[in-house]
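Q: After the sequence you'll find the predicted model.
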Amino acid sequence: RTRPDHVGAFLAAFAAHPEAFSPEGSAPAEPGRDLAANVTAFQRRVAEKDLYVSYAIIPPQVSRAATAHAWDGELIQAGVAEERPDGIVVRGAQMLATGGAVADEILVSCIKPLGPEDTDFAISFAVPVGAEGLKLYCRRPYAPAATSEYDYPLTSRFDETDALLVFDDVFVPWERVFVYRDVAGLRRQFFETGAHVLGNWQAQIRFSVKLRFLAGLARKVAAVNGVDRFPGVVEKLGELAGLVSLVESAVLAAEYTAAPDEQGMWRPGARALYGAMGLQTELYPRVLAILRDLVGGGVLQVPSSVADLTSQETRPDIDRYVHSPGVSAEERVKLFKLVWDAVGSEFAGRHHQYEMFYAGAPFVVKGYAFRNYGFEEPLAEVETFLAGYAPV
């Protein structure tokens, strides 16, 4: 197995900026409660032991009209139930731990803005998946329902469970606590350390690779169907190429405009990075729509399972009626089953929803793009232009 890069990028930024966890002017750390030291020690341990770390940083969707302190019921969102000399007791729930069921550790925090009344929920800590009192309520996995690797090549290989975490009075020792009852500290850990931009740089690399794969599928489908010279198809493929290249170019631009911060950690350029993120909600559905348009009914006219290809009774019909010029029935069916697993299966539906809301609600993600674009420059240019002439 490989170590996931996403949470690793967040932890690297945390460890590069331990000062964010014990800001200037804060009281000296009590014995055993040096939060900055806890962060660096945990990151070092993760790197040295090659641990798989998932994270759950979103409150359960109980109410979006208020923050956790105003919800009916005590400690619905994961929060501090008790403080002890050797640690804290956590109660409540947090989501959405992708891959949590197979992870070694889970980073638990809250990226949703909290208010002054929410100090009980303003915590950040790491917990082993096997911690006593920790429950993972996973969505139904899709891979067990895959009839074969040939029929569901993506589902059978890449399904990753998402889980709601429930903390039934889970004890967390102080050495695993990074932020404690500190609303401002939650924001510092993500944004002052550079963790948010570094982690989402990794996410946009992942997104660009995913889009490139879908573009490759579209190109191959057009070739197999013999329509890749039709002007309308070329137009669709051209639009697809433009969409995918936007994300690839944004990743390259973010890297090209990267600069070291005061601690020497290189941060990708925020303008390009958040610009691509701001369009993710529109880009992914559009890419899928183009692929669906190009594949048409081909993903529906496929055998129900690989058994129809291995049976001597049915194979002759498949070979005769489900092939393309120069492409055998076996290869055509293989391709179109792969496309269906990318656009139409439960696995595909999960990824569609995931990419649309990966970084939060669209207004949140576009807010990142707005704040990081740097409107001061174009506004200054407009002001200069306006000042260059007067009413006649």
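A: Nice, thanks for sending it over. Numbers count the residues shown, from 1 in each chain.
Q: Poorly predicted segments of this protein, please.
A: 1-3, 24-29, 31-32, 65 (pLDDT under 70).
Q: which residues of it fall in strands?
A: 53-56, 79-84, 87-94, 105-108, 124-128, 134-138, 163-173, 177-179, 259-260, 266-267 (DSSP state E).
Q: so which of those comes closest to residue 209?
A: strand 53-56 (20.2 Å; CB to CB). The C-beta positions use only the backbone N, C-alpha and C, and glycine is treated the same way.
Q: For that closest one, name the packing helices and strands.
A: helix 5-16, strand 105-108 (3 or more CB pairs under 8 Å, 6 or more residues apart in numbering; DSSP states H and E).
Q: now the strands of the chain as CSV including distance to residue 218 and mean neighbour count?
A: Shown next, in CSV, are those (distance: least, CB to CB, whole Å; neighbours: other CB atoms under 10 Å):
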stretch, distance to residue 218, mean neighbour count
strand 53-56, 32, 26
strand 79-84, 47, 16
strand 87-94, 38, 21
strand 105-108, 36, 24
strand 124-128, 41, 22
strand 134-138, 32, 15
strand 163-173, 33, 19
strand 177-179, 43, 24
strand 259-260, 36, 8
strand 266-267, 34, 16
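Q: Just put those in JSON lines and tack on distance to residue 20.
A: Output for these, formatted as JSON lines (distance: least, CB to CB, whole Å):
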{"stretch": "strand 53-56", "distance to residue 20": "17"}
{"stretch": "strand 79-84", "distance to residue 20": "20"}
{"stretch": "strand 87-94", "distance to residue 20": "20"}
{"stretch": "strand 105-108", "distance to residue 20": "15"}
{"stretch": "strand 124-128", "distance to residue 20": "11"}
{"stretch": "strand 134-138", "distance to residue 20": "27"}
{"stretch": "strand 163-173", "distance to residue 20": "20"}
{"stretch": "strand 177-179", "distance to residue 20": "9"}
{"stretch": "strand 259-260", "distance to residue 20": "17"}
{"stretch": "strand 266-267", "distance to residue 20": "14"}
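Q: mind checking which of the ones you listed is nearest residue 206?
A: Nearest of the strands of the chain to residue 206, taken as CB to CB: strand 53-56 at 15.0 Å.
Q: centre of the chain versus the closest one, how much separation?
A: Offset of strand 53-56 from its chain centre (CA atoms, centre = their mean, to the nearest Å): 11 Å.
Q: Can you tell me what sits against it?
A: In this structure, residues lying in contact with strand 53-56 by CB atoms under 8 Å, 6 or more residues apart in numbering are 4, 7-8, 10-11, 46, 78, 94-100, 103-109, 126, 163, 165.
Q: strands paired with that strand, and their directions?
A: strand 105-108 (parallel) (DSSP bridges).
Q: so what's the backbone phi/psi at the residue positioned nearest the centre of the chain?
A: For the chain, the residue sitting closest to the mean C-alpha position, by CA atoms, centre = their mean, is residue 358 at 4.8 Å. Dihedral angles of residue 358 (phi, psi; degrees, to the nearest 10) stand at phi -50, psi -50.
Q: Distance check, residue 127 against residue 364.
A: Residue 127 sits 26 Å away from residue 364, going by CB to CB, to the nearest Å.
Q: Check residue 118 too.
A: 18 Å.
Q: With neighbour numbers in mind, choose between these two.
A: Using other CB atoms under 10 Å as the criterion, residue 118 and residue 364 rank with residue 118 on top: 21 against 14.
Q: From residue 368, how far off is that one?
A: 22 Å.
Q: Is there a neighbour count for the spatially closest residue to residue 291 that is not a sequence neighbour? I'd like the number.
A: Using CB to CB, 6 or more residues apart in numbering and skipping residues adjacent in sequence, the residue nearest residue 291 is residue 218, 4.8 Å away. If you count neighbours by other CB under 10 Å, residue 218 ends up with 26.
Q: Sweet, I'm off.
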